[in-house]
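A.B. asks: sequence and predicted model, in that order:
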Amino acid sequence: MKKLWAIIFLFLAINTFAQDSTYTRNVVNTLTSKAFWGRGYTKDGMKKAADYIVDAYQKIGLSPMGTAYKQMFNFPVNTFPGKMKVSINGKKLIPGEDFIINNESPGVKQISKLTPVDSLNYRATPSLQVLLKDKLTWSVATEVGDVTTIQLNKKRFAAIPKEISVDIENKFIPNFQAANISGLVKGTKYPDSLFIITAHYDHLGGMGAATYFPGANDNAAGVATLLSLAKYYAANPQPYSIGFICFAGEEAGLLGSRYFVENPLVPLVNIKFLINLDLVGTGAAGMTVVNASVYPKAFAQLNAINNEHHYITKINPRGKAANSDHYFFTEKGVPAFFIYTQGGPSAYHDIFDKPETLPLTKYKDLFKLIVGFNQKLME
């Protein structure tokens, strides 16, 4: 009878917290707001996001994983804090919509004629070129190159580029200060053994003084899901400790997770399993699990839970891949899955990854699946 009541209590608790979609949505809306400026490298966007997550940890009741919630580190980054002006054939272009600048580009100010190299490539000078693209996607560079490259959206610019006027400012920061944010719910029976949930909170920041990348699906949704799970586990401590890590520097090359693995706040051998959440704001078309073929037993357990409860329409297996923050843990022998969802809006690394178009289709079901999976692993 006691076991039955325990199962009933667990079911009710999971459902109660999974239904708290208002909290999850509020986290997404906050992290993608203009005040956080793309959680990047200008206007203190990443620092503001880090402080917000620390405050959330404290309100939830998480203990620091080490001596403090923040694990500081630094890395070089090329930023664009100021002017971002481009005109083609006398027409002013809109940053993010009409054009982007390659992330490693130096600043430039000049007016030049454009010479075609081919139908998609044009050159103004040896240090300034224009490319026509079907889709504009941005990223983060940790160095500055020799050539300034402007990418034009083919769908919004039909004319042949003949002349360019450009005034763009860049600022290279050799030691940008960032922080991983780590918290912990101590286990009731095995406090030194951990299950860990991770998500990167950084995004692309801003391109110029007036354009920023919200990063709703990538990865405000992952952080929101992590914080929702933290609320659940803080209210329902498990036999094992549950750790929560929000990484910085993922978009610059998995730098935060690499730093953590090289400077772990807990012994890596004590981590029983790690689940990394990145791009989990959709789900109508199912989800994918990276490392499924590396840990087939765990993947079979995950599928068994999903098949029993019909949480996710389809779980696609994928092999090893260095495409998110799970990677360096796996390289050190820590069992880990990277979960991302499919379906819904296709916005990615652009200014259209907004909260108002993010469905959070499978948030509740993914929440339940993760809790059920962790429970199975703890048996």
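C.D. replies: Received, thanks. Numbers count the residues shown, from 1 in each chain.
A.B. asks: contacting residues for the nearest residue to residue 75 once chain neighbours are set aside?
C.D. replies: Among residues not flanking residue 75 along the chain, residue 255 sits closest, at 5.2 Å (C-beta to C-beta, 6 or more residues apart in numbering). Where you see a C-beta, it was placed from the backbone N, CA and C, and this is true even at glycine. Residue 255 sits next to 73, 75, 178, 248-249 when contact means C-beta atoms under 8 Å, 6 or more residues apart in numbering.
A.B. asks: now residue 116
C.D. replies: Counting by C-beta under 8 Å, 6+ apart, residue 116 touches 122, 160.
A.B. asks: just want the phi and psi numbers for the nearest residue to residue 333 once chain neighbours are set aside.
C.D. replies: Among residues not flanking residue 333 along the chain, residue 268 sits closest, at 7.2 Å (C-beta to C-beta, 6+ apart). The phi/psi pair for residue 268 (degrees, to the nearest 10) reads phi -60, psi -30.
A.B. asks: cool, residue 31 as well?
C.D. replies: Per-residue torsions, residue 31: phi -70, psi -20 (degrees, to the nearest 10).
A.B. asks: returning to that earlier point: pLDDT score for the residue nearest to residue 75?
C.D. replies: Residue 255 carries a pLDDT score of 98 in this model.
A.B. asks: residue 6 now?
C.D. replies: Looking at residue 6, its pLDDT is 46.
A.B. asks: same check on residue 241?
C.D. replies: 98.
A.B. asks: residue numbering should commence at 492 henceforth.
C.D. replies: That works, and once the first residue is 492, the last one we named lands at residue 732.
A.B. asks: can you tell me the SS state at it?
C.D. replies: Assigned by DSSP: H, G, I helix; E, B strand; the rest coil, the conformation of residue 732 is strand.
A.B. asks: same question, residue 718
C.D. replies: Using three-state DSSP, the structure places residue 718 in helix.
A.B. asks: ok, now which ones touch it?
C.D. replies: With C-beta under 8 Å, 6+ apart, residue 718 has these contacts: 514-515, 518, 544, 547, 551, 735.
A.B. asks: list buried residues within those.
C.D. replies: 515, 518, 544, 547, 551, 735 (16 or more other C-beta atoms under 10 Å).
A.B. asks: of those residues, closest to residue 659?
C.D. replies: Of all those, residue 659 sits closest to residue 544, with 31.7 Å by C-beta to C-beta.
A.B. asks: the stretch 592-741 of the chain: strands as residue ranges?
C.D. replies: Remark: strands assigned in the stretch 592-741 of the chain by DSSP state E, counting those that start in this stretch are 599-604, 606-607, 612-616, 619-624, 639-644, 654-659, 662-676, 681-691, 731-738.
A.B. asks: closest one to residue 538 among these?
C.D. replies: Nearest to residue 538 among those is strand 662-676; the distance by C-beta to C-beta comes to 7.8 Å.
A.B. asks: what comes up buried for the closest one?
C.D. replies: For strand 662-676, by 16+ other C-beta under 10 Å, it's 663-664, 667, 669-676.
A.B. asks: just stretch 560-573 next, same as before
C.D. replies: 560-562, 564, 566, 568-572.
A.B. asks: centroid residue for this structure?
C.D. replies: Central residue of the chain (C-alpha atoms, centre = their mean): residue 710, 3.2 Å from the mean position.
A.B. asks: what does stretch 837-846 contact?
C.D. replies: Contacts to stretch 837-846, defined as C-beta under 8 Å, 6+ apart, come from residues 516, 519-520, 523, 587-588, 626-630, 695, 702-709, 711, 836, 848.
A.B. asks: which positions in that stretch come out as buried?
C.D. replies: Result for stretch 837-846 [16+ other C-beta under 10 Å]: buried residues 838, 840-846.
A.B. asks: closest to residue 863 among these?
C.D. replies: Distance to residue 863, by C-beta to C-beta, is smallest for residue 846 among the buried residues of stretch 837-846, at 27.6 Å.
A.B. asks: look up how far residue 644 lies from that closest one.
C.D. replies: Between residue 846 and residue 644 the computed distance is 23 Å (C-beta to C-beta, to the nearest Å).
A.B. asks: want to throw the buried residues of strand 662-676 into TSV with distance to residue 689 and pLDDT?
C.D. replies: Listed next are the buried residues of strand 662-676 as TSV, based on distance: C-beta to C-beta, whole Å; pLDDT from 0 to 100:
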residue	distance to residue 689	pLDDT
663	29	98
664	25	98
667	21	98
669	15	98
670	14	98
671	9	98
672	10	98
673	9	98
674	11	98
675	13	98
676	15	98
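A.B. asks: out of those residues, name the two that are farthest from one another.
C.D. replies: Maximum pairwise distance among these (C-beta to C-beta): 40.2 Å, between 663 and 676.
A.B. asks: is it true that residue 663 touches residue 635?
C.D. replies: Yes - if you go by C-beta atoms under 8 Å, residue 663 and residue 635 touch, sitting 5.1 Å apart.
A.B. asks: give me the common contacts of these two.
C.D. replies: Residues touching both residue 663 and residue 635 (C-beta under 8 Å, 6+ apart) are residue 569.
A.B. asks: and the buried residues of stretch 560-573, which two are the farthest apart?
C.D. replies: Pairwise distances across these (C-beta to C-beta) peak at 29.6 Å, for the pair 560 and 571.
A.B. asks: can you give me the end-to-end span of stretch 846-855?
C.D. replies: The first residue of stretch 846-855 is 17 Å away from its last residue (C-alpha to C-alpha, to the nearest Å).
A.B. asks: hang on, the earlier thing: who's in contact with the residue nearest to the centre of the chain?
C.D. replies: Taking C-beta under 8 Å, 6+ apart, we find residue 710 in contact with 690-692, 694, 741, 768-770.
A.B. asks: if you set the cut-off to 10 Å instead, what comes out?
C.D. replies: By C-beta atoms under 10 Å, 6 or more residues apart in numbering, the contact list for residue 710 reads 522, 530, 690-694, 716-717, 737-738, 741-742, 768-772, 815-816, 831, 844.
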